[in-house]
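Visitor: Quick one, structure for this:
(2 chains)
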There are 2 protein chains.
Amino acid sequence: MKTEILTVLKEAPGFVSGQELCGRLGVSRTAVWKVIKQLEEEGYQIEAVRNKGYRLAEAADVITEAEIGSRLRSKWMGRHLVYFPETDSTNIQAKRLGEEGAPEGTLVVAERQTAGKGRRGRTWSSPAGTSIYMSFLLRPNIPPRCAPMVTLIAGLAGAKAVNQVTGLNARIKWPNDLVVNGKKICGILTEMSAEMEGIHYIVTGIGINVNQKEFPEEIRDKATSLLLEGGRCFNRSQLIAGVMEWFEPYVERFLETKDLSLLKEDYEEMLANLNQEVQVLDPAGEYHGVCQGIDKDGQLLVERGDGSLSRVQSGEVSVRGIYGYV
Amino acid sequence: MKTEILTVLKEAPGFVSGQELCGRLGVSRTAVWKVIKQLEEEGYQIEAVRNKGYRLAEAADVITEAEIGSRLRSKWMGRHLVYFPETDSTNIQAKRLGEEGAPEGTLVVAERQTAGKGRRGRTWSSPAGTSIYMSFLLRPNIPPRCAPMVTLIAGLAGAKAVNQVTGLNARIKWPNDLVVNGKKICGILTEMSAEMEGIHYIVTGIGINVNQKEFPEEIRDKATSLLLEGGRCFNRSQLIAGVMEWFEPYVERFLETKDLSLLKEDYEEMLANLNQEVQVLDPAGEYHGVCQGIDKDGQLLVERGDGSLSRVQSGEVSVRGIYGYV
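Guide: A predicted model of the protein is given here:
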């Protein structure tokens, strides 16, 4: 009944009277009132005015299974959706679902994580209400060495979705962050379970700072949110659906060739620091060079002062621009 | 008390009277008799002769925690030992222990597996009494792309241990089988949980055919056991301990360089088909060549008819000798 009342409220041009809701759903006023309360608890802002009825405030930034599902236009990515108001981490849950045989493209979304993780086991602060915490499951027939490419594809899809929904200019900080105006808005963590012959499953987790109004002092110059950069709130469910819709055709093209040859151009178009000087923090020796894009395996190409081309393997070194954080 | 009675029986030159066992352990005859029955159920053959007492039959091929532990001379490999009379699969259990934070070198051994797996999800027949089913856990600080090398190191350690214990001439069929006289006696399955930046854990499972007296008709020309090739029974606990002892220094050398450069020579010495013609079943096109050993990344080097050198990546193609199964 919740989904039905939500749909009626969404489709109505203005107020819907309690009487009309009762009539259309064949339930009592008390039942309607209870559902309205539930929706409010989930985060919907509903105006209730005597003699007029109920009206859904526009652009309610609510994440629920129904809300994401109603916006999703993909064929298979995210069609199996598992939503948690709170969980340890969406990657942990997606890995568990992977072990249990959940289908390709399964999407896990949480409003809040109690044990969110970034790369190398770092903590990923995950309060409720303003961020996206999403992970999806793939079972690609590719060699394990190709798994890191999925992170790049997720980054590309994330940048496209953010830019489409917000009108901002998000860029990819190779290999797995997104930045807006030089500050981080998104991190991506890909994990896999594999044997030599193939991958059991891949889980890619994406965290996006959407509607945070401020950040702690110590990370304020490195992190930002879409709200802070765009000057308004954005709907998280729409962003989640957008990532799925952009990711699906990209990953299909990737699986055709098992490399990034068909996505290289799109990726480089979104790449921060392209044709700019970068610093490569290689444990074997730091060096500078000009970022020349990526090769078909997703390695970053850096032209060094002597004209030689270095290929930077993702996961083993850090790369940053010379000017600013990116 | 079981371990104590077992130790007394093992150390005694001949029979030990029930009275002596009662006296040394301060328990009743009935209690001793019960433990003797338990040991027999575990597979120990114990002679019980009136007026003489109990005697342990030599070379009882029993796998228990106490039995393996008493033979193990390694520093850290296998020092944390988890034994199951029966389990789904030792790899599944080792992965579970990996998720739960079990220490580096944790060894899982089972007498019987109900869901044993080979590569690519193939079933690995796992009856009780004659085979070794063992898996160990590593948490190496290496890039995920280096994980397959652990399989090669396990193969090398397995071959060394088998040859030392049995006097047979086991060889490595690159990348992850062991063969004796051209027939398979051992398979190795390495699985990992990883992110781009590093490995959470690696689990390597080893199955060895030890005391099978026969094989089904349809695999008789491909599979054999140490008993069939050596003409006598071998002690499985001794073999398990041997694999751990050989593996430990090899993996330590591997971790020094994060490649196989220090193990290449030892590996090639044990390699079946070295300097012989092999057939490479590459999906991109089958070809013949002469096996020239491995490179430091564990790829097989095959010299082709035109003099060019192909590097065969483990896990993506099959290689076999021209003559026979190996």
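Visitor: Is A:Tyr54 located within a strand, as I assumed?
Guide: Yes. Counting by DSSP: H, G, I helix; E, B strand; the rest coil, A:Tyr54 is located in a strand.
Visitor: so where do the helices sit in chain A?
Guide: Along chain A, counting by DSSP state H, helices occupy A:2-11, A:18-25, A:29-42, A:65-71, A:90-99, A:148-166, A:226-230, A:236-257, A:264-269.
Visitor: residues in the stretch 151-300 of chain A within reach of chain B, list them.
Guide: Taking C-beta under 8 Å from any C-beta of the partner chain as the criterion, the stretch 151-300 of chain A approaches chain B at residues A:151, A:175-176, A:189-198, A:200. C-betas here are computed from N, CA, C, even on glycine.
Visitor: And the furthest pair within those?
Guide: Farthest pair in those (C-beta to C-beta) is A:Asn176 and A:Glu197. Separation: 25.9 Å.
Visitor: Comparing those two, which shows the higher neighbour count?
Guide: When A:Asn176 is set against A:Glu197 and neighbours are counted by other C-beta atoms under 10 Å in any protein chain shown, the residue ahead is A:Asn176, at 26 against 19.
Visitor: right, and that one touches A:Met149 too?
Guide: No. With the criterion set as C-beta atoms under 8 Å, A:Asn176 and A:Met149 do not qualify as a contacting pair; they are 11.2 Å apart.
Visitor: shared neighbours, the two?
Guide: Residues touching both A:Asn176 and A:Met149 by C-beta atoms under 8 Å, 6 or more residues apart in numbering or on different chains: none at all.
Visitor: Flag every buried residue along stretch A:305-317.
Guide: Of the residues in stretch A:305-317, those buried by neighbour count under the rule 16 or more other C-beta atoms under 10 Å in any protein chain shown are A:Ser310, A:Val312, A:Gln313, A:Ser314, A:Gly315.
Visitor: where in the stretch 1-150 of chain A is pLDDT low?
Guide: Low-confidence segments of the stretch 1-150 of chain A, defined by pLDDT under 70, span residues A:58-60.
Visitor: For it, what lies in contact range of chain B?
Guide: Remark: the part of the stretch 1-150 of chain A in contact with chain B comprises A:Arg119, A:Arg120, A:Pro143, A:Pro144, A:Arg145, A:Ala147, A:Pro148, using C-beta under 8 Å from any C-beta.
Visitor: Determine which two of those are furthest apart.
Guide: Within the residues of the stretch 1-150 of chain A next to chain B, A:Arg120 and A:Pro143 form the most distant pair, 23.4 Å apart (C-beta to C-beta).
Visitor: Contacts for stretch A:281-292, please.
Guide: For stretch A:281-292, the surrounding residues in contact (C-beta under 8 Å, 6+ apart) are A:174, A:271, A:273-280, A:300-305, A:309-310, A:312, A:316-320, A:322.
Visitor: domain ranges for chain A?
Guide: As given by automatic domain parsing, the domain ranges for chain A are A:2-56, A:65-269, A:277-321.
Visitor: From the chain's centroid, how far away is the second one?
Guide: For domain A:65-269, the distance from its own C-alpha centre to the chain's C-alpha centre is 3 Å (C-alpha atoms, centre = their mean, to the nearest Å).
Visitor: Switch the domains of chain A over to CSV; also include distance to B:Trp76.
Guide: Output for the domains of chain A, formatted as CSV (distance: least, C-beta to C-beta, whole Å):
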stretch, distance to B:Trp76
domain A:2-56, 51
domain A:65-269, 22
domain A:277-321, 26
